[in-house]
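>>> would you be able to build a 3D model of this:
(one chain, ligands or ions: 1)
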Amino acid sequence: MIDVANKITFFEFLTPLIKSGKKTITIRDKSESHYLVGSQVEVFTLETDQKVCEIEIVSVEAIRFDLINEFHAQQEHLALPRLKELIKEIYPNTNELFVITYKLMPSDT
Ligand SMILES: CC(=O)Nc1cc[nH]c(=O)n1
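Prediction:
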């Protein structure tokens with residue numbers, strides 16, 4: 001059984017960006033800000049619960065929605081307006097968010 005501290009889900013359409021190393025952050029709400037720096041976390045698709053890869057948590061930092069900027073967009077490999085739209089769709093009622101920075105772990109396959 002995988003503990004919540006060692007599992008994270010992403011929308012399937014984002015997973016190629018993670019696996020290729022192009023997306024190096026994720027912005028989550030407080031309920032998903034529990035990841036420990038240095039821990040290794042397994043990445044699964046939200047829709048089908050398929051394992052995608054493993055990441056190591058580099059940092060977890062609080063941020064307000066209105067402070068999401070071009071640098072975050074580059075790290076998400078998304079255009080800034082699309083990133084802000086996506087985050088608003090997922091978390092419509094909060095301004096209190098967390099930037100989780102991670103690095104891709106080498107895979108066995
Ligand atoms: C499943 C899910 O919430 N996925 C998210 C949320 C925020 N950012 C992201 O990259 N993925």
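>>> most centrally placed residue in this protein?
T26 (2.5 Å; CA atoms, centre = their mean).
>>> okay but it is in contact with T9, surely?
No: counting by CB atoms under 8 Å, T26 does not reach T9; the two are 10.2 Å apart. C-beta: built from backbone N, CA, C; applies to glycine.
>>> that older thread, could you pull up the contacting residues of the residue nearest to the centre of the chain?
The neighbourhood of T26, defined by CB atoms under 8 Å, 6 or more residues apart in numbering, consists of 8, 10, 76, 99-100, 102.
>>> element containing it, please.
With elements taken from DSSP states H and E, the one containing T26 is strand 25-29.
>>> for the longest helix that the chain contains, buried residues please.
Taking DSSP state H as the assignment, the helix of the chain that covers the most residues is helix 80-90. Buried residues in helix 80-90, defined by neighbour count with 16 or more other CB atoms under 10 Å: 83-84, 87.
>>> how about stretch 21-38?
Burial within stretch 21-38, assessed by neighbour count using 16+ other CB under 10 Å, is assigned to 23-28, 32, 35.
>>> now do the end-to-end distance for it.
Using CA to CA, to the nearest Å, the end-to-end distance of stretch 21-38 comes to 18 Å.
>>> hmm, that stretch touching the ligand?
Yes: remark: stretch 21-38 sits within contact range of the ligand at 26-28, by CB under 6 Å from any ligand atom.
>>> report the separation between the residue lying closest to H77 once chain neighbours are set aside and I100.
With CB to CB, 6 or more residues apart in numbering as the criterion, H77 has its nearest non-adjacent residue at 4.3 Å, and that residue is K22. Here K22 is placed at a distance of 16 Å from I100 (CB to CB, to the nearest Å).
>>> so for stretch 40-48, what's the average pLDDT?
Computed over stretch 40-48, the mean pLDDT rounds to 98.
>>> okay then, goodbye and thanks.
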